[in-house]
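In: Can you look at this prediction? I've put the sequence above it.
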Amino acid sequence: MLEARNVVVEYAGRGWRSKGFRALHDVSFDIKPHETLGLVGESGSGKTTIGRAILGLVPVSSGSIRFDGQELAGMARRERRRLSDDIQVVFQDPYSSLNPSMTVEDILVEPLVARRAGDRREATERVRTLLDQVGLPQDAVHRLPREFSGGQRQRIAIARALALRPKLIVCDEPVSALDLSTQARVLDLFISIQEETGVAYLFISHDLAVVRHISHRVAVLYRGDIVEYGDALDVTERPEHPYTKRLLMAAPLPDPDRQAARRQERRELLASEAMA
Ligand SMILES: Nc1ncnc2c1ncn2[C@@H]1O[C@H](COP(=O)(O)OP(=O)(O)OP(=O)(O)O)[C@@H](O)[C@H]1O
């Protein structure tokens, strides 16, 4: 679905004497329909830059990013706007990514109205479905973002990203600002939404354990280059590149059997909560 080939991104220097900075050197990867590609690397390795290049927020200096066969690099703004129904984003900070003066209903209706996706009644119906999908109560519609916890706000941001039924969501550190138990619940929500809707994710995180939990495949980014790329378990359990080994040593992963058992327990808990 998305093919990035030999992508180079250079940020312009600030002063007339300062040189530009090459944030991505020669980056290639694919995202298949319905899959999660995890992108892991330390701060400054270029993860956000990859997300921004896909979203058209930074220009690609050379190389190609194709989405459903269409070239995104250098695409005109109007065409890009049409595509933005298909590619959505969830950012890290659930406190600044939602307009504080809009109710949840307005936040969720806005993308539908902007794209003329049905009339107001259909939009209201869609909002109900979205709230169900992200596990928020129906009475959330009349409340403001400040009335919700960080995890709940991230659920609102996820509902907004889902509103137009995108094919791909760029998730840029979407659980990093949350405490550990909320992280686990929001990650499971991402997984269950994918099972339900088939949406694909580019899931950006500095945390190898988070990336392993959610990803089918993983790309490891180091100073603007992908140094390791493959099946999530292979990359995270049997890394070949010294940098990935270092990442793993810095943050050892929990025992995979225990992790799988905990994932199953959480699924059962979520299912029983949904039944209740
Ligand atoms: N607008 C900009 N102008 C100049 N340099 C930039 C700009 N944005 C990012 N950079 C530089 O590009 C490199 C990659 O940044 P990027 O934000 O993509 O990294 P990251 O892996 O997402 O890091 P973090 O996890 O800290 O967000 C960094 O060295 C950063 O300083």
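Out: That came in fine, so what should we check first?
In: can you tell me the residue of the stretch 51-200 of the chain closest to the ligand?
Out: Proximity of the stretch 51-200 of the chain to the ligand (CB to the nearest ligand atom) peaks at residue 173, 6.7 Å away. C-beta: built from backbone N, CA, C; applies to glycine.
In: Next, give phi and psi for the nearest residue to that residue once chain neighbours are set aside.
Out: Distances taken as CB to CB, 6 or more residues apart in numbering place residue 92 nearest to residue 173, at 3.9 Å, with adjacent residues excluded. The phi and psi values for residue 92, taken as degrees, to the nearest 10, are phi -70, psi -50.
In: isn't residue 92 right next to residue 172, touching?
Out: Yes: Residue 92 is within contact range of residue 172, at 5.8 Å (criterion: CB atoms under 8 Å).
In: Mind checking which of the two has more residues around it?
Out: A direct count of neighbours by other CB atoms under 10 Å for residue 92 and residue 172 places residue 172 higher, at 23 against 20.
In: list the contacts for residue 208?
Out: Residues counted as contacts of residue 208 (CB atoms under 8 Å, 6 or more residues apart in numbering) are 40, 236, 247-248, 251, 253.
In: same thing but 10 Å
Out: For residue 208, the contact set (CB atoms under 10 Å, 6 or more residues apart in numbering) comprises 38, 40-41, 218, 220, 235-236, 239, 244, 247-248, 250-253.
In: The one residue sitting closest to the centre of the chain: what secondary structure?
Out: Centrality entry for the chain: nearest residue to the mean C-alpha point is residue 171, 1.2 Å, by CA atoms, centre = their mean. Look at residue 171: counting by DSSP: H, G, I helix; E, B strand; the rest coil, its state is strand.
In: distance of it from residue 44?
Out: 19 Å (CB to CB, to the nearest Å).
In: any idea how far the residue of the stretch 151-276 of the chain found nearest the ligand is from residue 116?
Out: Taking CB to the nearest ligand atom as the measure, the stretch 151-276 of the chain has residue 206 as its residue closest to the ligand, at 5.4 Å. Noted for residue 206: a distance of 39 Å to residue 116, by CB to CB.
In: For those two, indicate the residue with more neighbours.
Out: Neighbour count, other CB under 10 Å: between residue 206 and residue 116, residue 206 has more, with 17 against 7.
In: from what I can see the more buried one touches residue 43, true?
Out: Yes: Residue 206 lies in contact with residue 43 (CB atoms under 10 Å); the separation is 6.4 Å.
In: Please enumerate the helices of the chain.
Out: 47-55, 77-83, 104-114, 120-133, 150-162, 180-197, 208-214, 232-237, 242-250, 256-275 (DSSP state H).
In: On the pLDDT front, check residue 260 for me.
Out: For residue 260, the model assigns a pLDDT of 62.
In: brain fart, residue 94
Out: So residue 94 comes in at 77 (pLDDT).
In: Can you name the residues of the stretch 151-276 of the chain that neighbour the ligand?
Out: Within the stretch 151-276 of the chain, the positions lying close to the ligand (CB under 6 Å from any ligand atom) are residue 206.
In: Name the nearest residue to residue 70, ignoring sequence neighbours.
Out: Nearest residue to residue 70, sequence neighbours excluded (CB to CB, 6+ apart): residue 83, at 7.1 Å.
In: What count of nearby residues applies to the one you found?
Out: 17.
In: again with residue 26
Out: As a burial measure, residue 26 scores 14 neighbours (other CB under 10 Å).
In: Next: residue 84.
Out: 17.
In: what residues does the stretch 1-150 of the chain put near the ligand?
Out: Residues of the stretch 1-150 of the chain lying near the ligand by CB under 6 Å from any ligand atom: 11, 21, 23, 41, 43-49.
In: Now with 5 Å, please.
Out: Within the stretch 1-150 of the chain, the positions lying close to the ligand (CB under 5 Å from any ligand atom) are 11, 21, 23, 43-49.
In: of those residues, closest to residue 194?
Out: Lowest distance from residue 194 to these (CB to CB) belongs to residue 47, with 20.0 Å.
In: what's near enough to touch the closest one?
Out: Neighbours of residue 47 in contact, by CB under 10 Å, 6+ apart: 24, 39-41, 172-173, 202, 204-206, 219, 221.
In: Brilliant, that's me finished.
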